[in-house]
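[1] Okay, sequence plus prediction incoming.
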Amino acid sequence: MQKINSTEADKLICKNLKSLRLMLGKSQQCFADILEITNQQYSKFETGQNSINANQLFLIAQEYSADMNQFFNEKSFDTIDHKD
């Protein structure tokens, strides 16, 4: 497995979080509700302005039966082309 630094990991997580959400056809508000945060706070995770913590990532993975490792994989949730 290729080693990545924390900045690259954060970027991958942001990208895969958004890809998972879009693949599932869910809104940012839906994911925010799971985490019990505002839509604005959640949006900052997807844009990379804030980092999601491990517990929050686990809650999303658990809710949608996603493997936590998928968030660190370059092509994990990119099964469709996203325009957003």
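    Cool, the structure landed. Numbering: from 1, shown residues only.

[2] what secondary structure does E74 sit in?
    Look at E74: counting by DSSP: H, G, I helix; E, B strand; the rest coil, its state is coil.

[3] Quick test: name the residue nearest the centre of this structure.
    The centroid of the chain falls nearest to L17 when counting by Cα atoms, centre = their mean (1.6 Å).

[4] So that residue, which state does it fall into?
    helix.

[5] Could you do I37 as well?
    Once three-state DSSP is applied, I37 turns out coil.

[6] Against E46, how distant is it?
    Separation of I37 from E46 (Cβ to Cβ, to the nearest Å) stands at 12 Å. Using the backbone N, CA and C atoms, a C-beta is placed for each residue, glycine as well.

[7] Who has more neighbours out of those two?
    E46 (20 against 16; other Cβ atoms under 10 Å).

[8] Can you read off the backbone torsions of the more buried one?
    phi -70, psi -30 (degrees, to the nearest 10).

[9] if I read this right, the residue nearest to the centre of the chain contacts Q56, doesn't it?
    No. Shown here, L17 and Q56 do not form a contact pair, counting by Cβ atoms under 8 Å, at 9.7 Å.
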